[in-house]
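A.B. asks: Here's a sequence, model it:
(one chain, ligands or ions: 1)
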Amino acid sequence: MKTVRTIAEIREHVGQARAAGRTIGLVPTMGAFHGGHHALMRAARERCDEVVVWLFVNPTQFDEQSDLAAYPRDEGKDAAEARELGVDVLFAPSVDEVYPPGFATTVHVAGISDVLEGAQRGVSHFTGVCTVVTKMLNMVMPDLAFFGQKDAQQVAVLRRMVRDLDIPVELVVIPTVREPDGLALSSRNVHLSREDRGRAVALSRALRTAETVLAGGESDAEEIAQRARQALGDVEPEYLALVDPDSFQPINNVNGRVLVAVAARVGDTRLIDNTIITTAATPDGAPTTQEDT
Ligand code: AMP
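C.D. replies: The predicted structure is shown next:
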């Protein structure tokens, strides 16, 4: 595996791969790899000839400077894991390489960027994500780019962006990888104290509760949300919402696909999680549920 740091080097590398007829897969990350990142890399390895992992802690998508400063970084360990998984190139540019002096352009997807995560973290969060992802896609020009369902709103925003800007890439979405007790893997989990690690399972417990309530035949979104909030116990949500998985508009009555999204601070650590549930009427009219993630 090769590590490259400049746009010129990555262009040279993928240019040669493409000229040789190889398909290019890109896995965007901010490093501090865990099983979720590994799943994305494995999927890329399976589907593409040339696998590029992007490792860049993007300062413009952080709404809190303390979060950026404390973000875990260990490029040596990440590089060893990526190599082990058969990644071809680790592309780890500097902040100056991505944002040279005078940088003045942003990409903003209106509407869907402004709710839930956008409302909590500020409009600049998804503008930061969309701008860096546009740049990254222009630098690497992959055939496929791999993202995690863990960041469901990011996926929905990027799908809209890719469609609206006619960016020639296929987005591939990988299910959320979890700890045995249900906690979604996240680079930020390392910040949880022992006690908070125990409390953090509340988020996935709330999502499982929403699934159970839906499976029991309840279709009123507010009632389902109430029951899920109760399952959070002493963990106070920033939001717990039932929305359309594509538009992120609120759903009042569940009929078809619904995304249940939750965000909460556990101690000082902000966690997010979600599940997509599909309800389908059975012949006798009783709804069944099927979890997507
Ligand atoms: P990050 O390094 O946190 O920016 O994440 C890089 C990619 O990994 C994003 O597409 C995330 O959605 C994805 N990801 C993060 N956590 C998980 C997880 N637990 N399971 C699957 N994908 C994940």
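
A.B. asks: Where does the prediction get shaky in the chain?
C.D. replies: Low-confidence segments of the chain, defined by pLDDT under 70: 281-293.

A.B. asks: how about the biggest strand by length in it: buried residues?
C.D. replies: The residue-count maximum for a strand in the chain (DSSP state E) belongs to strand 269-281. Neighbour-count burial for strand 269-281, counted by 16 or more other C-beta atoms under 10 Å, picks out 269, 270, 271, 272, 273, 274, 275, 276, 277, 278, 279. Quick note: C-beta positions are derived from backbone N, CA and C, even for glycine.

A.B. asks: which one of the residues you listed is nearest residue 159?
C.D. replies: Residue 159 lies nearest to residue 276 out of these, by C-beta to C-beta, at 13.8 Å.

A.B. asks: State the distance from that closest one to the ligand.
C.D. replies: Taking C-beta to the nearest ligand atom, to the nearest Å as the measure, residue 276 falls 14 Å from the ligand.

A.B. asks: The residue in the stretch 51-200 of the chain positioned nearest to the ligand: how many residues sit nearby?
C.D. replies: Taking C-beta to the nearest ligand atom as the measure, the stretch 51-200 of the chain has residue 148 as its residue closest to the ligand, at 2.3 Å. Neighbour count for residue 148, taken as other C-beta atoms under 10 Å: 24.

A.B. asks: what residues are up against it?
C.D. replies: Residues in contact with residue 148 (C-beta atoms under 8 Å, 6 or more residues apart in numbering) are 36, 39, 40, 155, 173, 174, 176, 177.

A.B. asks: Out of the residues you listed, name the ones that lie in helices.
C.D. replies: Among those, the residues falling in helices (DSSP state H) are 36, 39, 40, 155.

A.B. asks: Which stretches in the stretch 151-293 of the chain count as strands?
C.D. replies: Secondary structure of the stretch 151-293 of the chain (DSSP state E, counting those that start in this stretch): strands at 170-174, 237-243, 257-266, 269-281, 287-291.

A.B. asks: Among the ones in helices among the contacts of residue 148, which one sits closest to residue 203?
C.D. replies: Among these, residue 36 lies closest to residue 203 (C-beta to C-beta), at 14.9 Å.

A.B. asks: tally of neighbours for the closest one?
C.D. replies: When neighbours are counted by other C-beta under 10 Å, residue 36 registers 21.

A.B. asks: Let me have the buried residues of strand 269-281 in TSV, extended by distance to residue 234.
C.D. replies: What follows is the buried residues of strand 269-281, written out as TSV (distance: C-beta to C-beta, whole Å):
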residue	distance to residue 234
269	15
270	16
271	14
272	18
273	17
274	21
275	22
276	27
277	25
278	31
279	30
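
A.B. asks: what does the stretch 101-250 of the chain have sitting close to the ligand?
C.D. replies: For the stretch 101-250 of the chain, the residues in contact with the ligand (C-beta under 6 Å from any ligand atom) are 147, 148, 150, 151, 174, 176, 177, 184, 185, 186, 187.

A.B. asks: Can you add distance to residue 118 and give the residues you listed back as CSV?
C.D. replies: Below are those laid out as CSV (distance: C-beta to C-beta, whole Å):
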residue, distance to residue 118
147, 17
148, 18
150, 17
151, 12
174, 23
176, 20
177, 25
184, 20
185, 23
186, 19
187, 21
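
A.B. asks: what's the most distant pair in those residues?
C.D. replies: Most distant of those, by C-beta to C-beta, are 174 and 187, 15.8 Å apart.

A.B. asks: Run a quick check on residue 14 versus residue 23, I expect a contact.
C.D. replies: No - counting by C-beta atoms under 8 Å, residue 14 stays clear of residue 23, with 10.7 Å between them.

A.B. asks: Those two: which has the busier surroundings?
C.D. replies: Neighbour totals were compared for residue 14 and residue 23, and residue 14 leads with 23 against 14 (other C-beta under 10 Å).

A.B. asks: Which strands and helices lie in contact with the helix or strand containing that one?
C.D. replies: Using DSSP states H and E, residue 14 maps to helix 7-19. The elements that helix 7-19 packs onto, with contact taken as 3 or more C-beta pairs under 8 Å, 6 or more residues apart in numbering; DSSP states H and E, are strand 2-4, strand 24-29, strand 50-55, strand 89-91, helix 124-140.

A.B. asks: Residue 232: neighbouring residues, count only.
C.D. replies: Neighbour tally, residue 232, other C-beta under 10 Å: 18.

A.B. asks: ditto for residue 223
C.D. replies: 12.
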